[in-house]
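Visitor: quick one, what's the 3D model for this:
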Amino acid sequence: MLDVRNILDGQVWPRNVHDFGGDVTDILMEQLEGCDSATIADAAQQLFDLFRDEELLIRSYAVLAIGSIRKVVQTHLIRQAVDQAELFLKVAPVPIWQISHASLWEEALYRLSTE
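Guide: Numbering: from 1, shown residues only. As a prediction, the model looks like this:
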């Protein structure tokens, strides 16, 4: 099984570092390529748990990963996890250039609503 927290914490490198132009959320998706449904479901649950992580940076990257994970996980499951973590997401994010909203909650809702 994948360790999603380690991936979002930058502890997992892309498969081909010389031909990679993404961030940790892209590495997560690269790691999920070709995985079976059980591995994907486990990774999604790990990601959902990270919406409550004590480290704001990890929580912020977990929210950023919503846009990518929507490709392999049903949106209503992500929305349910976001709703359950609302209290933990109604905080200002760390300054990451990809985040454009005042709170992780707003960013999560935005990522759920855009393609």
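
Visitor: got a pLDDT number for the nearest residue to Leu104 once chain neighbours are set aside?
Guide: Nearest residue to Leu104, sequence neighbours excluded (Cβ to Cβ, 6 or more residues apart in numbering): Leu89, at 4.2 Å. Where you see a C-beta, it was placed from the backbone N, CA and C, and this is true even at glycine. Here the pLDDT value assigned to Leu89 is 98.

Visitor: how about Thr25?
Guide: pLDDT for Thr25: 88.

Visitor: next one: Val94 from Ile58, what distance?
Guide: The gap separating Val94 from Ile58 is 10 Å, by Cβ to Cβ, to the nearest Å.

Visitor: counting by contacts, list what the lowest-mean-pLDDT helix or strand in the chain packs against.
Guide: Every helix and strand of the chain was ranked by mean pLDDT, DSSP states H and E. The lowest is helix 24-32, at a mean of 89. For helix 24-32, the contact count by 3 or more Cβ pairs under 8 Å, 6 or more residues apart in numbering; DSSP states H and E identifies helix 4-8, helix 37-50, helix 56-64, helix 66-69 as packing neighbours.

Visitor: how far is it from where the chain is centred?
Guide: Chain-centre distance of helix 24-32: 9 Å, with Cα atoms, centre = their mean, to the nearest Å.

Visitor: that helix versus helix 56-64: what angle between them?
Guide: 60 degrees (axes from the mean of the first three to the mean of the last three Cα atoms, to 10 degrees).

Visitor: contacts for helix 24-32, please.
Guide: With contacts defined as Cβ atoms under 8 Å, 6 or more residues apart in numbering, helix 24-32 is touched by 2, 4, 7-10, 12-15, 20, 22, 39-40, 43, 47, 61, 64-65, 67-69, 71-72.

Visitor: so the residue nearest to Leu104 touches Ile99, yeah?
Guide: No. If you go by Cβ atoms under 8 Å, Leu89 and Ile99 don't touch, sitting 11.8 Å apart.

Visitor: lovely, talk soon.
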